[in-house]
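# Provided below are the primary sequence and the corresponding predicted coordinates.
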Amino acid sequence: MNISSDMTTGNTFPGMAAGRKIKMIQVTHDLNIGGLQRLVVDISKNLDKSRYQVTVCALREGGVLEQELRESGIEVIKLVPPFADGTDYLTFWKLYRIFRKERPDIIHTHNSQPFIEGGMAALLARVPAFVHTEHGRQFPDKRRYMFAERFMSHFASCIVAVSDSAGNDLVTYEKIAAKKIRTVMNGIDGGRFRRRVFSGREEKLGELGISGYDFILGFAGRLAPEKGLIHLLKAMRRLADDSPDKKILLLIAGEGSMKDELTGEAGRLGLEDNVRFLGPRLDMDELMGTFDVFVLPSLREGLPLVLLEAAAAGLPIVATRVGGNGFAVKDGLNGYLVGAGDDAALYNAIRALLGDREKIRKFGESSREIFDNNFSIGKMMDQYLKIYEESLPAKGGF
């Protein structure tokens, strides 16, 4: 049975009353700008509203993506912690009460705290199907988290990994049964990132107060240690030194715990004219249209949505050889993959592109082709719908 076709004919899952909508609650940490949060929003918005009733529950806070959900008619529940550091010893109990009241058919959790606390609440509330997505993180993690996730995995209908490496980490470090894990590559709606339909590059640069640069590099993501931005700044210093006749600019979009450290490092390296911190952005489709090359120097990753956005935008990409990056970046075809933490390799890869406009064009065309063949949101949704379909009749309640 294919959900996407059967749902339009009014068929339902076994044991479900004819015509009743499938109720699903997605549980996430927050709704700030990030790949995980973007996936939660995209799944919620792309489910058939005539067949699904979706609610999103944020454990710590809402965020700028909350408005997008509400404008799409999707309910958002926020469990605001009582303490400033985000601690809430009643999260599990609050989730249990929500599940008992709403009676969802499916709970879909994302990363550790939602998995552990949401899973326990779903178990106690006897939610029929419990799906979890692991977005990729550094292992080994804290022992108590790994133990709790291994325990909860026994009750999950399915655990989704966004890349094979993320799934392998769950098997290796948390000893989760491989048969419980399914890899589903992230997907996005690539239409709005098509550079060929974005004709306002100069206007956007003018809006940002930018002019007179020969090449513009772009980064978007959390300003956190695992993103490896320190190494990119060091590579930028070499690029600026070696190309005195060309003005090169790095635009960094995002926010995070390392903002002050990174701005300080950029100043120490004398990059005031070569690096611009833009803060969190909701206009990444337009920003992508201003970049010549996208760079992601991460030390670890799952399968970052920002790489898919860059590919959909037709950008050549320089990224590190970690996590699922290699699925979106084919070394020598649409960009270059380099070792994590290798400043010199980053420098060499970026310089090879900035010196060759024809290569930038060809790599950009290949990026679009790779995206179209592998990362459409329709392909991702088909896989998630199949998982939901298989989970409901298989579990029939805990």
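That came in fine, so what should we check first?

# shouldn't residue 169 be in contact with residue 139?
Yes: contact criterion CB atoms under 8 Å: residue 169 and residue 139 qualify, at 4.8 Å. Just so you know, the C-beta spots here come from the backbone N, C-alpha and C atoms, and that holds for glycine as well.

# Which one's more surrounded, those two?
residue 169 (23 against 14; other CB atoms under 10 Å).

# ok, then the element right after the helix or strand the more buried one falls within?
Assigned by DSSP states H and E, residue 169 belongs to helix 164-174. Proceeding N to C from helix 164-174, the next assigned helix or strand is strand 181-183, under DSSP H and E.

# What helices and strands are in contact with that following strand?
strand 158-161, helix 164-174 (3 or more CB pairs under 8 Å, 6 or more residues apart in numbering; DSSP states H and E).

# what's next to stretch 202-211, contact-wise?
The set of residues external to stretch 202-211 that reach it, using CB atoms under 8 Å, 6 or more residues apart in numbering, is 216, 249, 251, 276, 278, 286, 287, 289, 290.

# make it 6 Å
Contact partners of stretch 202-211, identified using CB atoms under 6 Å, 6 or more residues apart in numbering, comprise 286, 290.

# can you pull the buried residues of that stretch?
Buried residues in stretch 202-211, counted by 16 or more other CB atoms under 10 Å: residue 205.

# For it, list the C-alpha coordinates in PDB.
Only the C-alpha atoms of stretch 202-211 are listed here, as PDB (Å, rounded to 0.1, in the frame of the first residue of the first chain):
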ATOM      1  CA  GLU A 202      23.300  43.200  -7.100                       C
ATOM      2  CA  GLU A 203      20.200  44.400  -5.300                       C
ATOM      3  CA  LYS A 204      20.800  41.900  -2.500                       C
ATOM      4  CA  LEU A 205      24.400  42.900  -2.200                       C
ATOM      5  CA  GLY A 206      23.400  46.500  -2.100                       C
ATOM      6  CA  GLU A 207      20.900  45.800   0.700                       C
ATOM      7  CA  LEU A 208      23.700  44.200   2.600                       C
ATOM      8  CA  GLY A 209      26.000  47.200   1.900                       C
ATOM      9  CA  ILE A 210      28.400  45.100  -0.100                       C
ATOM     10  CA  SER A 211      30.200  46.200  -3.200                       C
END
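
# Let me see the ranges of the helices in the stretch 1-150 of the chain.
Assigned by DSSP state H, counting those that start in this stretch, the helices in the stretch 1-150 of the chain fall at 3-6, 35-46, 65-71, 91-102, 112-113, 119-125, 143-153.

# closest to residue 78 out of these?
helix 65-71 (7.8 Å; CB to CB).

# about what we covered before: relative orientation of the helix holding residue 169 and helix 143-153 in degrees?
110 degrees (axes from the mean of the first three to the mean of the last three CA atoms, to 10 degrees).
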